[in-house]
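S.K.: need a 3D model of the sequence below.
(2 chains)
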There are 2 protein chains.
Amino acid sequence: MTVILVHGCLPAPVSSKRNCICCKHRRGLPREKMTENGVSSRAKVLTIDTMNPTVKKVEYAVRGPIVQRAVELERELSQGVKKPFAEVIKANIGDAHAMGQQPITFFRQVLALCSYPELLNDSTFPEDAKSRARRILQSCGGNSLGSYSASQGIESVRQDVARYIERRDGGVPCAPDNIYLTTGASDGIVTMLKLLVCGEGATRTGVMISIPQYPLYSAALAELGAVQVNYYLNEEKCWSLDISELQRSVDEARTHCNPRALCIINPGNPTGQVQSRQCIEDVIRFAAKERLFLMADEVYQDNVYADGCQFHSFKKVLFEMGPEYSSTVELASFHSTSKCYMGECGFRGGYMEIINMDNEVKAQLTKLVSVRLCPPVPGQALMDLVVNPPQPGEPSYDNFIKERTATLSVLAEKAKLTEQVLNTVEGIRCNPVQGAMYSFPRISIPEKAVKEATANGQQPDMFYCMRLLEETGICLVPGSGFGQKDGTYHFRMTILPPTDKLKILLDKVKEFHHKFTQKYS
Amino acid sequence: MTVILVHGCLPAPVSSKRNCICCKHRRGLPREKMTENGVSSRAKVLTIDTMNPTVKKVEYAVRGPIVQRAVELERELSQGVKKPFAEVIKANIGDAHAMGQQPITFFRQVLALCSYPELLNDSTFPEDAKSRARRILQSCGGNSLGSYSASQGIESVRQDVARYIERRDGGVPCAPDNIYLTTGASDGIVTMLKLLVCGEGATRTGVMISIPQYPLYSAALAELGAVQVNYYLNEEKCWSLDISELQRSVDEARTHCNPRALCIINPGNPTGQVQSRQCIEDVIRFAAKERLFLMADEVYQDNVYADGCQFHSFKKVLFEMGPEYSSTVELASFHSTSKCYMGECGFRGGYMEIINMDNEVKAQLTKLVSVRLCPPVPGQALMDLVVNPPQPGEPSYDNFIKERTATLSVLAEKAKLTEQVLNTVEGIRCNPVQGAMYSFPRISIPEKAVKEATANGQQPDMFYCMRLLEETGICLVPGSGFGQKDGTYHFRMTILPPTDKLKILLDKVKEFHHKFTQKYS
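M.R.: Numbering: from 1, shown residues only, chains lettered A, B, ... in the order given. Predicted structure coming up:
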């Protein structure tokens, strides 16, 4: 199809340049072109060259090309296309219910009651579910989940969150006014980062994130135009965090930006480590010394499996360190309904607690969240149930405990199984999955495969995972999507598939790795 | 309390300046201070001077100081503090359920079934509600609302949205692939604006918005650092949109920025007008001529009350204008579960349809939305029900129609009542509420009151609304929060309070206005 430009200009892609390459055609006027069949078509207003450049820099591996290909493969399978596998197994994302984990009955009963309060007259629902539903509805405008809540979140829910945190942290006080309910943890993290970003050039805000990291952080920093400051976790020591590495990182960063925040994910995503109390104390001391705002992503706080490991909240450790720290170090901690034993990702519930935030900044935060009106109210209700579950003596208590324990112990089994099987494979080395929902094993990729990947313009571990997907139907995320030391390769897999499927998956990975290594050796 | 700085520096507020004012103390190191009792306290990392400056520029009147005061007053009332009124009536925000509007039974039945699928065995639920719930659950991973959906939204919901749009627009085709489900309309609008923003200084993206406007737009533009380009609606002609004003606005804007998008709210918020088909055609022609990306906020598409008024979607008009326009003009249209007859704000459901978007940009949009994982799944389910409600012959059809009709006709009555009563007040002039949920009357404020307000550092209509709130308990939003012609004053009030309360509210406003005018004359 020949394109003839109306103004007689040479055909040229419309780019961010302001004038036509031939005639200096004034910007802002339509550049029309006529196709051969006479229909005029205007150049687009919004093109890849004229869109927000920071958005282009955003990358998000967990839902990247490999997942798109997995979805295509599923569609092909359902259309009867022959493949070397019967189903796609997705271990790319921490999506527990999609992998067959069952929701907690009590939570769903209360949500049904809140959605359709007619059911409060239904005698088959337990009384504690009804009383929780009544309490939630009483906090909603017009007693309806359909009303906007306060932008910071429903007050009674924030009170329950505060009490939960106090219980969790052995009585360290928590003010409901420091709680902001969010649309999942992601929303809270992005909001906090947004507050922190300022300056230009060498004074631009830098934010320290672990490598490997959860790509929400890199994506948000790219979008906000902040400087990503990497610190590397120590793979040799079970992905632990060395203060000397934090120091190296912040010192280097100071030569070109203004590092102002330090993000920690504990238990770790994608690396599954659980931080020791000592390490958390060291991190807090470091943050105080280097004047860094601490962001603690603690969404996996119930997902701790390894013997000798325990979850310590940054808040609790901070307060145990005494007023020198507890009254000065600025901290935001994030939690969510999506992980732990709940796995309720779809409801987009979450909260953040802010500690030692400047009052004027807090007022700005409250204003900022008001623009989006409020977090989803069903997600707020669910968050309330998570922090205020059935108590001993209530009718739903036993079943709640049974369900929660079952879910967590199955996860613990699968964490162990994953580590064990992967470590039997020559060329795969896997740290223990101490917590969270992921294993991030290191894989050896033969030189020939690295070359072929590079020739394809692919990262070697993307090449590896794409081959794995095409040959076995298993969807994992390449380590390059999370960041890793140069020359090392990994993948992230969730431990969420049901045990029988997880076994098949691990066996297939084993077989694939063997064949792949042979082929490229 | 005397503050002694450890480094011997003079006490000085920590500002965005990089060095201490006395000793050039190196940036990045902690500036410690010691209070008299010997507890050291560090200056905050994040202060009003060192936070993101674009966030500080954000304003959002609908949840601003007047609403905060209303909440305080409610608390005082509940604590038994005597006030000249017994209750606070909030007419500041389009929050239908909070004002007593009842949810649609069918929608809530399906949501309860989806939340707690055990209820599918309950014979009291109608079969059509069950079959809708089954269909939604089948589209969810693991048949659970708790799974993440695709980031663009559940595929079957997007298909239903596309069919709804086709029916609404008399058969104009709609591709599910052009539908993005969102967290309320606000989320979609901010996402689209985010894509559009680029350039610096005189080439910075300008976005044209109506004045008066819904403050989400100004807030989002401030946050994104885009240039807000105002065009004024014609109050004398029932808040209609004049193309000559658009032309003036864009021509002026071109002298200092790069206007790239034109936002329209139809039916109008806060002004309640409904655009004529001719006007929409003119706007589309203008957008094509001036190369502007069109953003049509059509969340009030079912809220049309006035005789002779009808909702015309931008999409439909665009396609009726023939391929010269329909194949070139870039358009995003937004809808939501929050308004119309549903009023389900708390679920944060919504969608946007994009038309003629460049394919590469669309890929970037899909990537961008994936970072936030997915819109709340219960909100997606609700959006599905809105676009696929009970059909003739289904058991819930009659009741659905009855409920929907009742809600919309009560709104129509209240629209008329509001206009009529306000126009009986000397010094208040009110255009007909043709659609949406708001009246935006013009109010005369005596010179003496203007002076007193200015002396208080308040906008005169903020002063007026604050007096109204303190004396009557009625919470409205001053026109200055939406923008208005210099020297004119307005307030926005919703028509949502129940008819009996609305009558009281209108009478109180009448009485207040009279007294206020007398007092300051």
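
S.K.: just the element for A:K367, please.
M.R.: Following DSSP states H and E, one finds A:K367 within helix A:359-370.

S.K.: output the contacting helices and strands for that helix.
M.R.: Contact partners of helix A:359-370 among helices and strands, from 3 or more C-beta pairs under 8 Å, 6 or more residues apart in numbering or on different chains; DSSP states H and E: helix A:184-196, helix B:53-57. Heads up, the C-betas are built off the backbone N, CA and C, glycines and all.

S.K.: for A:I495, give me the backbone phi and psi.
M.R.: The phi and psi values for A:I495, taken as degrees, to the nearest 10, are phi -100, psi 20.

S.K.: tell me how far the closest residue to A:I48 other than its chain neighbours lies from A:T47.
M.R.: Nearest in space to A:I48, with sequence neighbours left out and distances taken as C-beta to C-beta, 6 or more residues apart in numbering or on different chains, is B:E360 at 4.0 Å. Distance, B:E360 to A:T47, by C-beta to C-beta, to the nearest Å: 7 Å.

S.K.: about what we covered before: okay, the helices and strands packed on helix A:359-370 in CSV with distance to B:T183, mean neighbour count and mean pLDDT next?
M.R.: Output for the helices and strands packed on helix A:359-370, formatted as CSV (distance: least, C-beta to C-beta, whole Å; neighbours: other C-beta atoms under 10 Å in any protein chain shown; pLDDT from 0 to 100):
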stretch, distance to B:T183, mean neighbour count, mean pLDDT
helix A:184-196, 9, 23, 95
helix B:53-57, 20, 17, 85
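
S.K.: which residues touch the nearest residue to A:M352 once chain neighbours are set aside?
M.R.: With C-beta to C-beta, 6+ apart as the criterion, A:M352 has its nearest non-adjacent residue at 3.8 Å, and that residue is A:G188. If a contact means C-beta atoms under 8 Å, 6 or more residues apart in numbering or on different chains, then A:G188 has A:Y180, A:T182, A:A332, A:F334, A:G350, A:Y351, A:M352 as its contacts.

S.K.: swap in A:D187?
M.R.: For A:D187, the set of contacting residues under the criterion of C-beta under 8 Å, 6+ apart consists of A:R348, A:G350, A:P375, B:R372.

S.K.: please redo it, this time with the cut-off set to 10 Å
M.R.: Under the criterion of C-beta atoms under 10 Å, 6 or more residues apart in numbering or on different chains, the contact list for A:D187 reads A:180-181, A:334, A:336, A:348, A:350, A:352, A:369, A:372, A:375, B:183, B:372-373.

S.K.: try A:M321
M.R.: Residues in contact with A:M321, defined by C-beta under 10 Å, 6+ apart, are A:I280, A:E281, A:I284, A:R285, A:A288, A:V329.

S.K.: show me which of these neighbour chain B.
M.R.: A:A288, A:V329 (C-beta under 10 Å from any C-beta of the partner chain).

S.K.: identify the farthest-apart pair in the contacts of A:M321.
M.R.: The span of these, defined through C-beta to C-beta, is set by A:I280 and A:A288 at 12.7 Å.

S.K.: how many other residues sit next to the residue nearest to A:I48?
M.R.: The number of residues packed near B:E360 is 15, by other C-beta atoms under 10 Å in any protein chain shown.

S.K.: please consider this matter closed, and thank you.
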